[in-house]
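Asks: Give me coordinates for this.
(one chain, ligands or ions: 2)
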Amino acid sequence: MNRESHDKLKEMPKNQNIDPKLIRKPRFIEFGKIPVNQYNKSIEDEKKNYRREDFLRIYRDMVIIREFETMLNLIKTKNEYNGITYNHPGPSHLSIGQEASAVGMAYNLGVEDFIFGSHRSHGEILAKGLSAINKLDEKDLYSIMSNYFDGGTLKVVEKGFSGDTRDLAIHFLIYGALAEIFARKNGFNKGLGGSMHAFFTPFGIYPNNAIVGGSGDISVGAALYKKINRKPGIVVCNIGDASMGCGPVWEGICFATMDQYKTLWEGEYRGGLPLIFNFMNNLYGMGGQTMGETMGYDILARIGAGVNPEMMHAERIDGYNPLAVIDAFSRKKKILEEKKGPVLLDTLTYRISGHSPSDASSYRSKEEIEAWQKEDSIISFCESLIKAGIAKQEILDNIKSDTSRLITHILKLATDDNISPGLDLNSDPDAIGEMMFSNKSADRMEEIDPVVLIPLEENPRVKSIKNKVRFYKDSEGNMVSKARLYQLRDGIFEAIIDRFYKDPTLAAWGEENRDWGGAFAVYRGLTEALPYHRLFNSPISEGAIVGTAIGYGMCGGRVIAEIMYCDFLGRSGDEVFNQLPKWQSMSGNIISMPVVIRVSVGSKYGAQHSQDWSSLTAHIPGLKVVFPATPYDAKGLMNSALQGTDPVIYFESQRIYDVGEMFHETGVPEGYYEIPIGEPDIKRIGGDITILTIGATLYTALKAADMLNQNWGLNAEVIDARTLVPFNYQPVIESVKKTGRILLTSDASSRGSFLKEMAQTITEMAFDYLDAPPVVVGSRNWITPAYEMEEYFFPQPGWIIDAVHQKILPLKGYKPKYDFSTNKAMKLNKDGV
Ligand SMILES: Cc1ncc(C[n+]2csc(CCOP(=O)(O)OP(=O)(O)O)c2C)c(N)n1
Ligand SMILES: [Mg+2]
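Replies: Residues are numbered from 1 along each chain as shown. Ligands and ions are numbered 1, 2, ... in the order given. Reported below is the predicted structural model:
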């Protein structure tokens with residue numbers, strides 16, 4: 001980026017004035033034509049583009065996929081293929097009929113081009129793998145295979161093998177995929193991915209996804225990774241026609257087609273995303289017909305028309321003809337190279353097999369299936385090769401019989417328990433647990449200089465923070481005014497800007513992240529520091545905000561995505577619950593996920609803007625969850641989150657963005673430091689009762705502790721959990737051993753909250769030391785009412801005293817207001833509130 005663009009970017013606000021005179025003028029929107037099945041070349045025409053061996057390879061690749069899927073179908077339905085018997089209890093969504101579209105898609109893709117898929121992607125995996133094997137240098141190919149899981153997968157197919165490296169690689173590919181489907185340790189993902197999630201990144205095969213449309217936004221993140229980090233290659237998102245009804249797909253499309261790539265991103269970063277949304281349109285969901293029943297697009301490619309003025313370069317192509325698909329991908333790849341993407345392809349195909357082998361095809365007629373079988377792409381391609389004099393029937397038959405032998409051989413290997421054992425959870429019952437997190441520490445994800453607009457010291461926010469007081473009282477012991485106080489939001493900012501100057505891959509996005517400075521002013525100062533490609537406003541697409549971060553992270557970039565209000569987590573439910581936590585372990589722990597999701601917990605804005613949902617995320621295996629309550633902890637924990645390589649949900653409470661540091665007496669350090677994720681912190685020492693807090697209730701608990709002390713001479717030990725997952729119970733148990741009593745409090749509604757989980761764990765761990773049961777004081781099990789009524793909803797200091805009095809330790813002369821009695825609890829539970 002040159003100096004001029006730096007200067008322009010520094011001008012605030014952005015210079016895209018919207019002229020009412022122009023925009024209010026009458027006009028019409030005109031759409032251009034969207035091509036439908038326009039490819040009309042014969043094999044004769046194509047002879048100049050393909051050598052004989054190319055034609056034969058296309059044929060062979062389709063046959064390999066067909067045989068692989070046929071074998072699986074027989075294994076599923078008859079437990080037998082060519083004399084080998086096996087029972088595969090897991091899923092197997094076959095793509096018999098769709099081979100030409102898979103092979104055509106992959107034919108011209110290089111190893112640096114990434115594909116993402118769906119539940120029905122065996123064919124795409126094999127096609128992309130075969131294409132990569134054809135393109136890779138033999139030495140590289142061998143080195144990929146021998147390095148993968150220390151050569152574990154390779155060893156199986158190499159034993160007794162005679163042939164060249166490419167042949168060996170084909171065995172490796174088919175075995176790695178099949179062993180994965182059968183949950184074997186030598187599978188591409190140690191058997192932790194399985195049929196619907198298998199992938200192999202060294203060949204550019206990225207995750208397939210059992211959640212329909214799941215790749216719709218993740219693949220956009222991968223394309224962003226390529227663009228932001230100037231990596232070669234394109235991304236292909238292979239999803240089904242019915243996934244066009246899914247939120248992540250629409251949100252992904254919106255995210256991928258934002259104007260700003262072409263208007264605001266600067267220099268070499270300017271231009272459209274290198275991404276093809278390739279809809280493998282087999283005309284059905286499971287049983288619902290997308291044309292004529294469950295969707296209204298008639299022809300899927302039509303969707304492109306409304307998305308952007310380029311109509312997404314949409315096109316329907318004949319996915320029954322591999323050459324038509326190759327032709328389209330070559331043309332579309334050029335569009336992406338010219339930075340005019342993304343592209344939408346509607347690849348027409350047909351699934352002859354059932355949705356799954358148990359599918360009785362009750363939703364379609366026999367005649368329809370037979371009509372498509374008559375047009376079978378493999379048979380017609382075979383006939384046209386013969387007709388064009390490219391090969392004789394015998395040669396093509398040999399390809400088929402060779403393939404059948406190959407698949408039989410691989411099936412034998414993959415089903416032999418001695419050759420292909422599963423993960424041994426008997427001898428190592430924690431083996432999967434050890435793969436839930438990558439637990440690495442990395443200053444940066446790439447060793448190049450980060451692109452920034454100004455030196456850090458010149459940043460106006462950095463300069464203003466320099467003058468702030470980093471402890472809540474000054475040296476004379478006077479309270480520091482809000483204007484001079486170093487606040488919690490400053491702690492988050494310092495950690496983040498520091499990392500932006502350290503890690504060139506770090507990018508941040510979310511709603512109003514740029515010019516606005518983040519909805520709660522955490523990012524004020526970042527806009528001046530960073531070009532658009534490192535900090536940008538996203539569409540209001542919470543699903544895609546997280547989904548794109550997942551794609552970006554799994555490709556190797558570090559990212560901070562923001563959910564403006566905790567309540568909006570619901571909108572990114574699939575991404576937060578099903579995608580972000582799972583890909584590290586489903587990969588067999590070969591990918592990392594350096595993704596931090598900032599989530600702001602609201603207040604004052606009522607039922608849909610004020611909920612603390614940290615418990616929901618803590619319930620999901622595979623996420624780290626932190627909730628700092630002080631500036632010192634906020635900075636130290638953000639530093640750790642950004643140093644790590646695991647997904648971290650970082651909660652922030654809007655109640656305390658402006659608090660100063662009250663505990664770390666030397667104030668918040670200016671330099672870098674980390675607070676380990678998982679360590680609770682004793683904020684006040686005491687010997688009579690332990691109060692464990694999550695988030696902003698730290699301050700509520702301190703007030704209650706003061707009351708206990710002033711009125712009854714009791715000393716409460718206040719422990720701030722700081723982290724929900726992971727969590728070291730040791731200091732809490734030590735405290736309980738001392739006090740014999742514990743109360744837990746947070747702003748989450750109490751039923752099913754993480755506090756309940758902690759109370760139960762503490763009971764088990766410290767039963768012998770407890771004089772009373774651990775008591776949970778959470779928010780009521782209601783909607784969050786308006787600000788004016790919040791004191792009846794969120795835990796108050798008085799409630800803590802009430803609960804201590806009624807459940808733990810009667811307090812002399814005290815009259816509780818809030819009823820914590822068993823009778824009341826019984827009634828509330830009965831009423832479901
Ligand atoms: C979110 C979600 N909803 C429903 C399902 C169950 N399901 C699996 S495949 C499928 C149909 C998907 O159709 P399409 O996207 O066209 O892909 P195809 O199966 O035709 O390849 C459905 C409903 C799912 N896996 N995920
Ligand atoms: Mg479909």
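
Asks: What helices and strands are in contact with the longest helix that the chain contains?
Replies: Criterion DSSP state H: the longest helix present in the chain is helix 52-78. Judged by 3 or more C-beta pairs under 8 Å, 6 or more residues apart in numbering; DSSP states H and E, the packing partners of helix 52-78 are strand 80-81, helix 99-107, helix 122-135, helix 165-181, helix 322-337, helix 377-387, helix 393-415. No exception for glycine: its C-beta is placed from N, CA and C like everyone else's.

Asks: Put together CSV for these, with distance to L526 and mean pLDDT on each row.
Replies: Listed next are those as CSV, based on distance: least, C-beta to C-beta, whole Å; pLDDT from 0 to 100:
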stretch, distance to L526, mean pLDDT
strand 80-81, 58, 98
helix 99-107, 39, 98
helix 122-135, 38, 98
helix 165-181, 41, 98
helix 322-337, 30, 98
helix 377-387, 51, 97
helix 393-415, 50, 98
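
Asks: okay, those, which one's buried deepest?
Replies: helix 99-107 (a mean of 30; mean count of other C-beta atoms under 10 Å).

Asks: so after that one, what's the next helix or strand?
Replies: Next along the chain after helix 99-107, taking DSSP states H and E as the criterion, comes strand 114-116.

Asks: That following strand - what's its average pLDDT?
Replies: Mean pLDDT, strand 114-116: 98.

Asks: give me every residue that touches K827.
Replies: Shown in contact with K827 (C-beta atoms under 8 Å, 6 or more residues apart in numbering): no residues.

Asks: What is the three-state secondary structure of it?
Replies: Under the three-state scheme (DSSP: H, G, I helix; E, B strand; the rest coil), K827 adopts helix.

Asks: so how far is D819 from it?
Replies: 9 Å (C-beta to C-beta, to the nearest Å).

Asks: What of N134?
Replies: Applying C-beta to C-beta to N134 and D819 gives a distance of 74 Å.

Asks: Over to A529?
Replies: 53 Å.

Asks: out of those two, which sits in the more crowded spot?
Replies: Neighbour count, other C-beta atoms under 10 Å: between A529 and D819, A529 has more, with 24 against 12.

Asks: Quick check: S610 touching S600?
Replies: No: using C-beta atoms under 8 Å, S610 makes no contact with S600, being 10.9 Å away.

Asks: Tell me the residue of this structure that sits nearest ligand 1?
Replies: Here the chain gets closest to ligand 1 at one residue, G240, 2.2 Å apart by C-beta to the nearest ligand atom.

Asks: Could you count how many residues lie near that residue?
Replies: The number of residues near G240, taken as other C-beta under 10 Å, comes to 26.

Asks: give the contact list for it.
Replies: By C-beta under 8 Å, 6+ apart, the neighbours of G240 are 118, 120, 212, 279-282, 285.

Asks: Where does the prediction get shaky in this protein?
Replies: 1-14 (pLDDT under 70).

Asks: The residue lying closest to I299 once chain neighbours are set aside: neighbour count?
Replies: Leaving aside its sequence neighbours, I299 sits nearest to R316 (C-beta to C-beta, 6 or more residues apart in numbering; 5.8 Å). When neighbours are defined as other C-beta under 10 Å, R316 has 23 of them.

Asks: again with A544
Replies: 32.

Asks: ok, which stretches of the stretch 501-650 of the chain are helices?
Replies: 526-529, 542-555, 573-574, 583-586, 614-618, 631-643 (DSSP state H, counting those that start in this stretch).

Asks: Quick check: bridge partners of the residue of the chain closest to ligand 1?
Replies: M280 (DSSP bridges).

Asks: how near is it to N278?
Replies: For G240, the distance to N278 - C-beta to C-beta - is 10 Å.

Asks: Using the three-state scheme, assign I211.
Replies: Under three-state DSSP, I211 comes out as coil.

Asks: residues touching it, list them.
Replies: So I211 contacts 574, 578-579 (C-beta under 8 Å, 6+ apart).

Asks: Tell me the one of those residues nearest S219?
Replies: Q579 (11.7 Å; C-beta to C-beta).

Asks: Tell me which residues touch the closest one, please.
Replies: With C-beta under 8 Å, 6+ apart, Q579 has these contacts: 209, 211, 214, 218, 546-547, 550.

Asks: what residues does stretch 158-176 touch?
Replies: Contacts of stretch 158-176 (C-beta under 8 Å, 6+ apart): 64, 68, 126, 129-130, 133-134, 136, 138, 141-142, 145, 148, 153-154, 156-157, 186-188, 200, 203, 406-407, 409-410, 413-414.

Asks: oh, I was asking about stretch 141-150
Replies: 133, 136, 151, 153-154, 165-166, 168-169, 172, 176, 186, 190, 200, 202-203, 588.

Asks: Where does the stretch 451-600 of the chain get nearest to ligand 2, which residue?
Replies: D574 (18.8 Å; C-beta to the ion).
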